[in-house]
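Trainee: when you get a sec, could you give me coordinates for this:
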Amino acid sequence: MHGNPDRFVGEPVVVTEKLDGGNTLLHVGKVYARSVAVPSNDKWMAMVKKHHAWKVNEPAVYLYGEDIYGVHSIAYDPVAEHETFYAFALRGEDGAFAAFEELEAYAERLEIPVVPVLFKGVFRSVAELRAFIERVQTEPSALGGEREGIVLRLARGFPAEEFADNVCKSVRVDHVRTDEHWTRNWRPCRIAGRAGSS
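Mentor: Numbers count the residues shown, from 1 in each chain. A predicted model of the protein is given here:
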């Protein structure tokens with residue numbers, strides 16, 4: 001999980017669900033897939049473009065999230081069109097990652113969903129932290145279906161160069177369960193209210 005789990009003991013942390021989607025950046029009204037070099041025009045970015053990208057228009061704001069519109073390995077329960085993107089991190093002009101509550105406030109103001117929060121608080125020991133992670137890893141996703149994993153981070157903000165010290169993730173065993181990359185025969189997630197979405 002992390003080389004120094006003590007890092008997450010005795011200080012406020014946030015545990016969120018690691019969704020099975022595409023790591024996506026919203027910046028100056030555009031959508032980027034992992035890179036800020038060239039905006040993405042891929043079909044599976046259609047819903048985040050339609051519902052959220054245009055809202056994030058400040059040059060100094062970088063909003064990161066998981067886009068589940070294109071199904072990867074897990075097919076979640078049907079979601080509304082505007083709930084195919086879930087924010088998980090916010091960076092500002094100085095490049096630092098904002099505190100989680102700043103991310104929540106920003107996303108709430110713009111009506112952008114945030115990744116499901118599983119825990120906010122303080123763990124008193126590494127054993128307590130491990131027991132919690134082992135338990136929530138076996139629970140179903142907040143979106144229905146399997147849970148891919150969890151992300152653990154310090155609740156406070158921190159410089160980008162300290163990311164590896166202050167954030168870690170744990171994913172299910174064999175979390176990639178397809179023989180070919182999901183983009184080869186991509187399919188959209190089930191959208192609530194559409195015929196065939198059940």
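Trainee: low-confidence stretches in this protein?
Mentor: Counting by pLDDT under 70, the chain contains low-confidence ranges at 1, 34-35, 173-184, 194-198.
Trainee: run the last query once more with 80
Mentor: 1-3, 34-37, 172-186, 193-198 (pLDDT under 80).
Trainee: let me know the secondary structure of residue 89.
Mentor: With DSSP: H, G, I helix; E, B strand; the rest coil as the basis, residue 89 sits in strand.
Trainee: okay, and the beta partners of it?
Mentor: Note on residue 89: beta-bridge partners residue 64, judged by DSSP bridges.
Trainee: surely it and residue 95 touch.
Mentor: No. Judged on Cβ atoms under 8 Å, residue 89 makes no contact with residue 95 at a distance of 11.9 Å. For glycine as for every other residue, the C-beta is placed from the backbone atoms N, C-alpha and C.
Trainee: show me which of those two is the more surrounded one.
Mentor: Legend: neighbour count by other Cβ atoms under 10 Å for residue 89 and residue 95, higher for residue 89 (20 against 11).
Trainee: OK, contacts around that one?
Mentor: Listed by Cβ atoms under 8 Å, 6 or more residues apart in numbering, the contact set of residue 89 reads 63, 64, 65, 97, 98, 103.
Trainee: neighbours around residue 55, how many?
Mentor: Neighbour count for residue 55, taken as other Cβ under 10 Å: 15.
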